[in-house]
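Peer 1: task: produce atomic coordinates for the following.
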Amino acid sequence: MPHTVEWKVRLYLSEDEGTTRARVVVNTGTTTLTGHGDAHCNPADADVPEIGDELAAGRAMHDLAQQLVNTAERDIEGLDMPATGRSPRPVAGWPM
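Peer 2: Numbering: from 1, shown residues only. Predicted coordinates for the structure are as follows:
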């Protein structure tokens, strides 16, 4: 059964006083999930903004990925058949 969808992902980065904050948002057209990540610059380190961006973005994407995996695991658990052998309609989807 072929299945193709397009999800839009946007990454937002901001920096304030040595802290880089990232927010990554995935939008399926019907549901949205958001991941967050931070990176803090040690005052003794050289100022290399790209490193903070990479760390914060990676942490936000990791947070989002974990949310997607947790949602999939809940959906899989919802597919378990009851002892009667009759299959209920699966409860699938993202938390609201």
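Peer 1: going forward, measure contacts and count neighbours with C-alpha atoms only.
Peer 2: OK.
Peer 1: so how far is residue 20 from residue 59?
Peer 2: 11 Å (Cα to Cα, to the nearest Å).
Peer 1: residue contacts, the residue nearest the centre of the chain?
Peer 2: Nearest to the mean C-alpha position of the chain, by Cα atoms, centre = their mean, lies residue 64 at 1.3 Å. Residues near residue 64 by Cα atoms under 8 Å, 6 or more residues apart in numbering: 24, 25, 33, 34, 35, 36.
Peer 1: what about it, distance to residue 18?
Peer 2: 23 Å.
Peer 1: follow-up on the earlier one: out of the contacts of residue 64, which are buried?
Peer 2: Buried members of the contacts of residue 64, counted by 16 or more other Cα atoms under 10 Å: 24, 25, 33, 34, 35, 36.
Peer 1: the residues you listed: which two are farthest apart?
Peer 2: Using Cα to Cα, the buried ones among the contacts of residue 64 span at most 10.3 Å, a distance reached by 33 and 36.
Peer 1: check contacts around residue 11.
Peer 2: Going by Cα under 8 Å, 6+ apart, the list of residues near residue 11 reads 22, 23, 24, 25, 57.
Peer 1: report the beta-bridge partners for it.
Peer 2: In this entry, residue 11 is beta-bridged to residue 24, by DSSP bridges.
Peer 1: strands of the chain, residue ranges please.
Peer 2: For the chain, the strands defined by DSSP state E occupy 8-16, 19-27, 32-40.
Peer 1: quick one on the thing from earlier: can you list residues touching both of residue 59 and residue 20?
Peer 2: residue 38.
Peer 1: now do residue 57: how many residues are near it, please.
Peer 2: 25 (other Cα atoms under 10 Å).
Peer 1: which residue packs closest to it, ignoring adjacent ones?
Peer 2: Closest residue in space to residue 57, ignoring its immediate chain neighbours: residue 22 at 5.3 Å, by Cα to Cα, 6 or more residues apart in numbering.
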